[in-house]
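> Here is my input; please provide its structure:
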Amino acid sequence: MKFHILAALLVAGVLAAASVSSAFAQADSELGRYAINMPPGAYDQNAPIFYDPQAPAIPAGTTVVWFNSDPNQIHTVTSGTPEANPGSLFDSGFMNTNDSFQHTFNDAGTFDYFCMVHPWMVGKVIVGDSFEQGHNFKLSSGTGPVFDFTKNERNLLKFELTSVEVADDQPVTYKIIILKDGTEAFSGDFPVLGKDLYLELIPTDTDTKVYGPDISDPVVGAFHVEGKFLKDNAAYTIGAEITKLSDKTPDEPITDGFGLQIVPEFPVGIVFPLLAGIGAMVAIGRRKFF
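Below is the predicted model:
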């Protein structure tokens, strides 16, 4: 109760400070990559979700941007819990509707946060630091090489082109192919600026859906692929290829393949072994993967 009263007094006394909260979003030198939204009605203690998504798994080094989309409500994004080290790692200050705040997560771990105005609004970010280095790409994952759906509802992957120099403002087109037990389950093209592609995998009960990027000005935000093909207990192989550098097709194939094990929400039987190693791949269509 004391905390609630203190929060109310803070809001009443520092409303003017809320107008500058959007400036906090520029505090990080890194561009925002992954968006978390405070949806309409997030202030309600009975709301189905306070921060959307509620508990993403992201690779270390990812910059997360929170947006306040809750009409006529002031919120904060404050690390820790009301009882344990509130604000010791990050604190947005008061955020008006349409304000944003960002923070870069450089270390692995699970990071809780909450809203100081509405302390029942809680969320967390899970950060992983494992990666695989291929011939052309470095692949980082929020969960590591095993995506256990019983522990994480979603997994953000970061593809970083390492074999070719790319300017931060240079258009690059990735083609991603996902094989499930050797059969193609997904294929899609993703245009970005610079060398990095952020792609989140979300197992769902619905048909395949692709959306994003989270940040479109410039186009550096995460894309999302969701669908029921990701819910099976299977060995997946993810192929990455650069199909365009600026407006030109690369003279030589720029490709790699990586193994990822997905464990479903209700695993049955023995988990299939991970695909071992990283292989250079011939390209798509005229240069087919694997």
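> what's the neighbour count on Glu226?
19 (other Cβ atoms under 10 Å). To be clear about C-beta, it is placed using only N, CA and C from the backbone, and glycine gets the same treatment.
> Can you give me the neighbour number for Val146?
For Val146, using other Cβ under 10 Å, the count is 17.
> Please state the offset of stretch 98-106 from the chain centre?
Mean C-alpha position of stretch 98-106 versus that of the full chain (Cα atoms, centre = their mean, to the nearest Å) differs by 13 Å.
> what pLDDT, on average, does stretch 201-219 get?
Averaged across stretch 201-219, pLDDT comes to 94.
> Other residues contacting that stretch?
Residues outside stretch 201-219 that contact it (Cβ atoms under 8 Å, 6 or more residues apart in numbering): 31-35, 65, 147, 149, 153-155, 157, 169, 186, 188, 191-193, 198, 220-231, 262, 264-265.
> For the nearest residue to Gly142 once chain neighbours are set aside, the count of nearby residues, please.
Using Cβ to Cβ, 6 or more residues apart in numbering and skipping the chain neighbours, the partner closest in space to Gly142 is Ala57 (3.3 Å). When neighbours are defined as other Cβ under 10 Å, Ala57 has 24 of them.
> could you check the distance from Ala57 over to Lys228?
Here Ala57 is placed at a distance of 20 Å from Lys228 (Cβ to Cβ, to the nearest Å).
> again with Ala234
12 Å.
> Same drill for these two, tell me which one is more crowded.
Comparing Ala234 with Lys228 by other Cβ under 10 Å, the one with more neighbours is Ala234, at 20 against 12.
> distance of that one from Ile177?
Ala234 sits 15 Å away from Ile177, taking Cβ to Cβ as the criterion.
> What about the contacts of stretch 201-219, which are in strands?
34-35, 65, 147, 155, 157, 186, 188, 191-193, 198, 223-227, 262 (DSSP state E).
> Do a quick rundown of the helices in the protein.
Ranges of helices within the chain are 2-13, 15-18, based on DSSP state H.
> if you average pLDDT over each of the ones you listed, which comes out lowest?
Lowest mean pLDDT within the helices of the chain: helix 15-18, at a mean of 34.
> The residue nearest to His75 when sequence neighbours are not counted: what's it in contact with?
Spatial nearest neighbour of His75, chain neighbours left out: Cys115 (4.8 Å); criterion: Cβ to Cβ, 6+ apart. Residues near Cys115 by Cβ under 8 Å, 6+ apart: 50, 75-78, 121.
> change it to 10 Å
By Cβ atoms under 10 Å, 6 or more residues apart in numbering, the residues touching Cys115 are 7, 38, 42-43, 50-51, 68, 70, 73-78, 82, 92, 95, 121-123.
> Likewise for Gly87?
76-80, 93, 113-114, 116.
> Any idea how many residues pack against the closest residue to Ile254 other than its chain neighbours?
In this structure, Ile254 finds its nearest non-sequential neighbour in Ile242, 4.1 Å apart by Cβ to Cβ, 6+ apart. Residues lying near Ile242 (other Cβ under 10 Å) number 24.
> Distance of Gly182 relative to Gly239?
Distance from Gly182 to Gly239, counting by Cβ to Cβ: 12 Å.
> More neighbours: which of these two?
The residue with more neighbours, out of Gly182 and Gly239, is Gly239; 22 against 11, by other Cβ under 10 Å.
> Would you agree that one is in contact with Ile178?
Yes - the criterion here is Cβ atoms under 10 Å, and Gly239 meets it with Ile178 at 7.6 Å.
> so Gly188 makes contact with Gly227?
No - applying Cβ under 10 Å, one finds Gly188 not in contact with Gly227, separated by 11.2 Å.
> who's more crowded, the two?
Set Gly188 next to Gly227 and count neighbours by other Cβ under 10 Å: Gly227 wins out with 19 against 14.
> Which strand residues bridge that one?
For Gly227, the beta-bridge partners are Pro203 (DSSP bridges).
> Equivalent analysis for Asp256, please.
Beta-bridge partners of Asp256, as defined by DSSP bridges: Ala240.
> so it touches Ile176, yeah?
No - assessed by Cβ under 10 Å, Asp256 is found out of contact with Ile176, at 11.0 Å.
> Which residues are in contact with each of those two?
With Cβ under 10 Å, 6+ apart as the test, Asp256 and Ile176 both reach 159, 238-241.
> Good, we can wrap up now.
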